[in-house]
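Chemist: Please find the sequence and the predicted model below.
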Amino acid sequence: MTEKITAVKGMNDLLPDATALWRPIETCARETLTSFGFGEVRTPILEKTALFVRGVGEATDIVGKEMYTFEDGATGTRAGTLVSLRPEGTAPAVRAAIEHNQLAQGALVRWFYLGPMFRRERQQRGRYRQFFQVGAEIYGAATPQADAELIDAAQAFLSRLDLGAITLELNSLGDSDCRPRYVAALIDALKERAGDLCPECQRRLETNPLRVLDCKNAQCQAVCASAPTIDSFLCDPCRDHFARVRQLLDAIGIAYTVNPRIVRGLDYYTRTVFEFVSHETGEGGLGSQSTVCAGGRYDGLIQSLGGPATPAVGFAAGLDRLALLAARRAQAIPGPELFIAPMGEAAILKALQLAAALRRRGVFVDQDLRGGGLKSQLRRADKVGARFTLVIGDSELDSGKAALKRMADGETREISLDADAIAAAL
Ligand code: ATP
Ligand code: MG
C-alpha cells in the first residue's frame, strides 16, 4: 500500500462532529460581539514579519521561537520580504486600522476578528500549532469604561456558552512610568534565587522578566510566590484607573479576583490585564491549558506601529479550548426529519422529486444514495437517526399514497405523495 501522508503535527482537522461543536461557539461570538457594536474585520493570514517583531516584541516566546517565517518572493527576481503566518490577531488588526485610516483624531472603533493563528508550540491538549481565536478590540478610548465594557463583552460571550466554571482574574501592569520600577525589583528578587528557576526562566530573567511569573513550572511558581507583586508599585494614575475598572465591574455585576501575578506573554500591554480561567477538572478539563480568554489594555501599540497615539483595549479567546469544554456536554447531531426509501426505477425518480421539493421547503431529507434493498435502506435510516421514514414502491406510486412511519414509536399514517402534504405531516 502507498504510504499515507498525515497532517502537520499540531494542526488539527475538524470533522463534522467537531464542527458541529464549533459552529454554535462561533455564532455566539459573532452575535454577542455584534450586539456590543463590534464590526468584523478579516485580515490576511500572512503578514510581514516586521509587524510582529515590532508589535508583539522580539523578546517574547512568540516572536523569539514560535513563528512560521519564510521569504516571500521565490518567483521574483528581488530578494523576498520576510513574512510570517500570524501568531495573533491584535497587531494585524491594528495594522489594518492604521493602513485604512480608521484612527483619525477622536475616532472610536470597535472591531472583532475570528480565525486561525499559528505558533510553533509543543503540541498538547489545548495547545496546537494552528489554533483559532476570536478577538475584540476597542481603539480610541482611554477610559476605565472601555476596559469594563470589553470585559463585559468577553464575559457575555463566555457565559452564553455554558462551559462550566470560568472565573475572571484581573491585574494592572502599570505603565511606562511605574512598571520599570517594578520590573527592576522583580529582577533583583528573582536573581537571588535564579538557580531555582528553570533554564527557560533563567533566560527570561534577561529578556522578559515579567514572563517568569507566568511559567507553569512548579519550582518557578514557588520562587515567584516570594517575589514582590506589582500592586504596591503602581503610580497614582494607574492605581486610580485600576480602582475605577474594579468599581465598574462591581457595578455591572461581574465577579473577578485580583491576581497580581497575571502578566501577558505579549509586550504591548499597559495597565489592565485579565484572564478568564476554566476550572473544569478531570478528563473533560483543560489541565494547565486552562486560560480560555486573555486580554488587556495596550495604549502604546498603535503608535509604535506607526499610527497616531491611540489608547486601546482588547481580548482574544481560544476557540479550541472552548470547543474542548463544549465537548463535555456534546449532543448528538440531529438526524434527518425524513428518510425516503424508494423501490424500483419509477419510485427512485419520485423520491428524488419529493426530496428536492421538501428540501426547498427547508426540510432535512435523506435517502440511501447507494440504492440497495429495502432492508439495507431502512438500516441506513436507523443509523442516521431519521425521525420519519417513507417507503415508496409500485403500489404507492399507483395509489399516490404511502405510509409515513414515525421511528420513535412505529406509528404510521397514510399520506399523499405530495411535498406539501408530507411537510405538513412531519
Ligand atoms: P498560554 O499561556 O496558554 O500559552 P498565551 O498567553 O500564549 O497563552 P494569548 O496569546 O494571550 O495566549 O492568546 C489568548 C488565548 O488563545 C489563550 O488564552 C488560549 O486560550 C488561546 N491560545 C493561545 N495559544 C494557543 C495554542 N497554541 N493552542 C490553542 N489555543 C491557544
Ligand atoms: Mg503561549
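Modeler: Thanks, I have it. Ligands and ions are numbered 1, 2, ... in the order given.

Chemist: Can you name the residues that contact the residue nearest to Ile252 when sequence neighbours are not counted?
Modeler: Sequence neighbours aside, Asp152 is the residue nearest to Ile252 in space, at 5.9 Å (criterion: CB to CB, 6 or more residues apart in numbering). Glycine gets a C-beta too; all of them are placed from N, C-alpha and C. Asp152 is in contact with Phe36, Leu249, Ile252, Ile254, counting by CB atoms under 8 Å, 6 or more residues apart in numbering.

Chemist: Of these - the most surrounded one?
Modeler: Leu249 (21 neighbours; other CB atoms under 10 Å).

Chemist: Spell out which helix or strand contains that one, please.
Modeler: Per DSSP states H and E, Leu249 falls inside helix 236-251.

Chemist: Can I get that helix as PDB, trimmed to CA atoms?
Modeler: The C-alpha trace of helix 236-251 is given here as PDB (Å, rounded to 0.1, in the frame of the first residue of the first chain):
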ATOM      1  CA  ASP A 236      -1.300  57.100  41.200                       C
ATOM      2  CA  PRO A 237      -2.900  57.400  37.700                       C
ATOM      3  CA  CYS A 238      -2.500  53.600  37.200                       C
ATOM      4  CA  ARG A 239      -3.800  52.900  40.600                       C
ATOM      5  CA  ASP A 240      -6.900  55.100  40.100                       C
ATOM      6  CA  HIS A 241      -7.600  53.600  36.700                       C
ATOM      7  CA  PHE A 242      -7.400  50.100  38.200                       C
ATOM      8  CA  ALA A 243      -9.700  51.000  41.100                       C
ATOM      9  CA  ARG A 244     -12.200  52.500  38.700                       C
ATOM     10  CA  VAL A 245     -12.200  49.400  36.500                       C
ATOM     11  CA  ARG A 246     -13.000  47.300  39.500                       C
ATOM     12  CA  GLN A 247     -15.700  49.600  40.700                       C
ATOM     13  CA  LEU A 248     -17.400  49.500  37.200                       C
ATOM     14  CA  LEU A 249     -17.200  45.700  37.100                       C
ATOM     15  CA  ASP A 250     -18.800  45.600  40.500                       C
ATOM     16  CA  ALA A 251     -21.500  47.900  39.300                       C
END
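
Chemist: Report all helices and strands that that helix contacts.
Modeler: Applying 3 or more CB pairs under 8 Å, 6 or more residues apart in numbering; DSSP states H and E, one finds that helix 236-251 makes contact with helix 144-161, strand 166-172, strand 270-278.

Chemist: Return the most buried member of the ones you listed.
Modeler: Highest mean neighbour count among the helices and strands packed on helix 236-251 (mean count of other CB atoms under 10 Å): strand 270-278, with a mean of 24.

Chemist: partner strands of it, parallel or antiparallel?
Modeler: The sheet places strand 270-278 alongside strand 166-172 (antiparallel), strand 291-297 (antiparallel), with pairing taken from DSSP bridges.

Chemist: Which positions in the stretch 251-400 of the chain make contact with ligand 1?
Modeler: Arg264, Gly265, Gln289, Thr291, Val292, Cys293, Ala294, Ala316, Gly318, Asp320, Arg321 (CB under 6 Å from any ligand atom).

Chemist: Taking the residues you listed, tell me the two that lie furthest apart.
Modeler: Arg264 and Asp320 (18.9 Å; CB to CB).

Chemist: Let's have the helices and strands packed on helix 236-251 in a markdown table, adding mean pLDDT.
Modeler: Shown next, in a markdown table, are the helices and strands packed on helix 236-251 (pLDDT from 0 to 100):
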| stretch | mean pLDDT |
| --- | --- |
| helix 144-161 | 98 |
| strand 166-172 | 97 |
| strand 270-278 | 96 |
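
Chemist: Switch the strands paired with strand 270-278 over to a markdown table; also include distance to Ile98.
Modeler: Converted to a markdown table, those look like this (distance: least, CB to CB, whole Å):
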| stretch | distance to Ile98 |
| --- | --- |
| strand 166-172 | 26 |
| strand 291-297 | 18 |
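
Chemist: what's the closest of these to Asp61?
Modeler: For the strands paired with strand 270-278, proximity to Asp61 was assessed by CB to CB; strand 291-297 is nearest, at 14.1 Å.

Chemist: re earlier: would you point out the most distant pair within the contacts of Asp152?
Modeler: Phe36 and Leu249 (15.5 Å).

Chemist: List the contacts of whichever residue of the stretch 201-350 of the chain sits closest to ligand 1.
Modeler: Ligand 1 sits closest to Gly318 of the stretch 201-350 of the chain, with a gap of 2.3 Å, by CB to the nearest ligand atom. For Gly318, the contact set (CB under 8 Å, 6+ apart) comprises Gly126, Phe131, Phe132, Gln133, Thr291, Val292, Cys293.

Chemist: And the furthest pair within these?
Modeler: It's Phe132 and Thr291 that sit farthest apart of the contacts of Gly318, by CB to CB, at 15.0 Å.

Chemist: my read: Ala351 touches Pro342, true?
Modeler: Yes - between Ala351 and Pro342 there is a contact under CB atoms under 8 Å: 3.8 Å.

Chemist: Next, show the common contact partners of those two.
Modeler: With CB under 8 Å, 6+ apart as the test, Ala351 and Pro342 both reach Gln367, Ile392.

Chemist: Of those two, give the one with the bigger neighbour count.
Modeler: Remark: of Ala351 and Pro342, Pro342 carries more neighbours, 25 against 20, as counted by other CB under 10 Å.

Chemist: contacting residues around that one?
Modeler: Ile348, Lys350, Ala351, Gln367, Val391, Ile392, Gly393 are the contacts of Pro342 under CB under 8 Å, 6+ apart.

Chemist: what's the helix or strand where Arg359 lies in contact with?
Modeler: Using DSSP H and E, Arg359 falls within helix 345-360. The contact list for helix 345-360 (CB under 8 Å, 6+ apart) reads 338, 340-342, 365, 367, 371, 390, 392-394, 396-397, 417, 419, 422-423.
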